[in-house]
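# quick one, what's the 3D model for this:
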Amino acid sequence: MTAVAWIYVVGLMALTEPSIVAGVMTFVLYCVIPLSILFYLTGSRRRKRKAERKARSVASTDDKTKTADT
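Residues are numbered from 1 along each chain as shown. Presented below is the predicted three-dimensional model:
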């Protein structure tokens, strides 16, 4: 919810810039880059859990394959 509010505020800031280039740069530098860094940092735990879940599913698939062959 905070990210949506931040996008709104920066969007309004970008609209008040004197040129289109300045508006785009304001939006990119104050909104896109900081929020992408924030989402990357806050998503690290989710990525770690996903990798562990994938490793477990691959391990369990390998165990099933080994027991089916023998």
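
# may I ask which helix or strand encompasses residue 58?
Element membership of residue 58, judged by DSSP states H and E, is helix 44-69.

# cool, and residue 18?
Assigned by DSSP H and E, residue 18 falls within no helix or strand.

# show the pLDDT at residue 28.
Residue 28 is assigned 97 on the pLDDT scale.

# helix, strand, or coil at it?
Classification of residue 28 using DSSP: H, G, I helix; E, B strand; the rest coil returns helix.

# quick thing: my sequence starts at 883, can you match it?
In the new count, where the first residue is 883, that last one comes out as residue 910.

# how close does it sit to residue 934?
Taking C-beta to C-beta, to the nearest Å as the criterion, residue 910 is separated from residue 934 by 34 Å. To be clear about C-beta, it is placed using only N, CA and C from the backbone, and glycine gets the same treatment.

# which of these two has more neighbours?
Legend: neighbour count by other C-beta atoms under 10 Å for residue 910 and residue 934, higher for residue 910 (13 against 10).

# what's residue 900 sitting at in phi/psi?
Backbone torsions of residue 900, given as degrees, to the nearest 10, read phi -70, psi -20.

# repeat that for residue 925.
Main-chain torsions, residue 925, degrees, to the nearest 10: phi -90, psi 0.

# now swap in residue 899 and tell me
Main-chain torsions, residue 899, degrees, to the nearest 10: phi -70, psi 150.

# so what's the closest residue in space to it that isn't next to it in sequence up against?
Distances taken as C-beta to C-beta, 6 or more residues apart in numbering put residue 905 closest to residue 899, at 4.0 Å, once the chain neighbours are dropped. In this structure, residue 905 makes contact with 896, 897, 899, judged by C-beta atoms under 8 Å, 6 or more residues apart in numbering.

# residue 892 too?
908, 909, 912, 913.

# give me the helix or strand of this structure that scores worst on average pLDDT.
When each helix and strand of the chain is scored by mean pLDDT, DSSP states H and E, helix 926-951 comes last, with a mean of 77.
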